[in-house]
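> Sequence and predicted structure below; questions after.
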Amino acid sequence: MIDEQQALVEAGQMLPLMEAFYTIQGEGAHTGRAAYFIRVGGCDVGCHWCDVKESWNAELHPPTAIGEIANGAAEYSDTIVVTGGEPFMWNMTPLTSELRSKGMKIHVETSGAYPLSGDWDWICLSPKKTMPPKPEFYEAAHELKVIIYNQNDFKWAEEHAAKVSPNCRLFLQPEWSRRDTVMLDITEYIMKNPRWQVSLQTHKYLGIP
Ligand SMILES: C[S@@+](CC[C@H](N)C(=O)[O-])C[C@H]1O[C@@H](n2cnc3c(N)ncnc32)[C@H](O)[C@@H]1O
Ligand SMILES: Nc1nc2[nH]cc(C(=O)O)c2c(=O)[nH]1
Ligand code: SF4
Ligand SMILES: [Mg+2]
């Protein structure tokens, strides 16, 4: 990357953009809602089951001006989901102010592993064992979405639920490759602990991005 671009990326004026697409939010509280997804490259959290490992190396994704990203978004939707990769590896303030100035509803999908930046209408926190969330995410999260890979993850989910704000929505989502094994446990758990809800990756069942 040339120095000038590097400086703009560091300032959050450009972001390594992996892809952007208009689809239907497949997961969590806003499942079923049409939204434009902005997938920012770069992540070193290292989830072994990550379904977008191609996003990890930021250098593979071209630095893109936030104005260009926001203009692309505005053509499709007034609801934007910023995801990645890990969005908070970058300064999200410039992108969210650009989207805000266009009157958009701005959502984010994050592990919370990097400091919170930007101005959000909806924060979906999906904590990871390899790099726990920064403290500020517990208060800020509107939705806690814990991925269930095995039985131990229920206890771990409760530890996080104890830290989020009282009105934060709580979701358990099967790890995709383990869905047939863990779904019965999730069902049972939610019936016993009804403050939790199930989140499925519905876009994968629908065969949409
Ligand atoms: C790819 S991540 C990108 C955003 C951010 N790095 C994060 O982990 O929240 C988007 C969402 O997909 C979830 N996810 C990733 N791989 C998954 C898998 N194999 N099964 C179920 N959910 C998965 C993550 O936990 C997160 O909620
Ligand atoms: N349709 C759809 N919904 C999603 N919700 C969260 C996603 C993500 O990868 O962050 C995602 C995604 O990749 N596609
Ligand atoms: S934090 Fe998100 S993008 Fe990063 S490895 Fe984990 S699931 Fe994948
Ligand atoms: Mg996805």
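Cool, got the structure. The structure presented is a predicted model; accordingly, all values stated were derived computationally and were not measured. Numbering: from 1, shown residues only. Ligands and ions are numbered 1, 2, ... in the order given.
> Give the buried residues for the top strand by length along the chain.
Secondary structure assigned by DSSP state E gives strand 14-24 as the longest strand of the chain. Neighbour counts over strand 14-24 (16 or more other Cβ atoms under 10 Å) mark Met14, Leu15, Pro16, Leu17, Met18, Ala20, Thr23, Ile24 as buried. C-beta here means a position set from N, CA and C on the backbone, and glycine is covered the same way.
> Now do stretch 68-85: distance to the chain's middle.
Stretch 68-85 sits 14 Å away from the centroid of its parent chain (Cα atoms, centre = their mean, to the nearest Å).
> let me redo that: stretch 140-158
On Cα atoms, centre = their mean, the centre of stretch 140-158 falls 14 Å from that of its chain.
> Let me see the contact set for Met14.
Contact analysis of Met14 by Cβ atoms under 8 Å, 6 or more residues apart in numbering lists Gln5, Leu8, Pro63, Thr64, Ala65, Ile66.
> State the distance from it to ligand 3.
For Met14, the distance to ligand 3 (Cβ to the nearest ligand atom, to the nearest Å) stands at 20 Å.
> How many residues are close by the residue lying closest to Phe137 once chain neighbours are set aside?
Leaving aside its sequence neighbours, Phe137 sits nearest to Gly112 (Cβ to Cβ, 6 or more residues apart in numbering; 3.6 Å). Neighbour count of Gly112, defined by other Cβ atoms under 10 Å: 27.
> Ok, Asn152 next?
Neighbourhood size, Asn152 [other Cβ under 10 Å]: 10.
> Can you name the residues of the chain sitting close to ligand 2?
Thr23, Ile24, Gln25, Gly26, Glu27, Thr83, Glu109, His203, Pro209 (Cβ under 6 Å from any ligand atom).
> In this structure the fifth one contacts Ser199, no?
Yes - contact between Glu27 and Ser199 holds when scored by Cβ atoms under 8 Å: they sit 5.2 Å apart.
> anything in contact with each of those two?
Lys145, Phe171, Gln173.
> about what we covered before: out of the buried residues of strand 14-24, flag the one nearest to Ile186.
Nearest to Ile186 out of these is Ile24 (Cβ to Cβ; 22.0 Å).
> Tell me the pLDDT of the closest one.
Per-residue pLDDT puts Ile24 at 98.
> likewise Pro62?
pLDDT for Pro62: 97.
> higher neighbour count, Glu27 and Ser199?
Legend: neighbour count by other Cβ under 10 Å for Glu27 and Ser199, higher for Ser199 (24 against 21).
> can you pull the contacts of that one?
Counted by Cβ under 8 Å, 6+ apart, Ser199 has contacts Glu27, Gly28, Thr31, Lys145, Phe171, Leu172, Gln173.
> Using the three-state scheme, assign the spatially most central residue of the chain.
When Cα atoms, centre = their mean is applied to the chain, the residue found nearest the centroid is Glu109 (1.4 Å). When classified by DSSP: H, G, I helix; E, B strand; the rest coil, Glu109 comes out as strand.
> hang on, it packs against Thr83?
Yes - between Glu109 and Thr83 there is a contact under Cβ under 8 Å: 4.1 Å.
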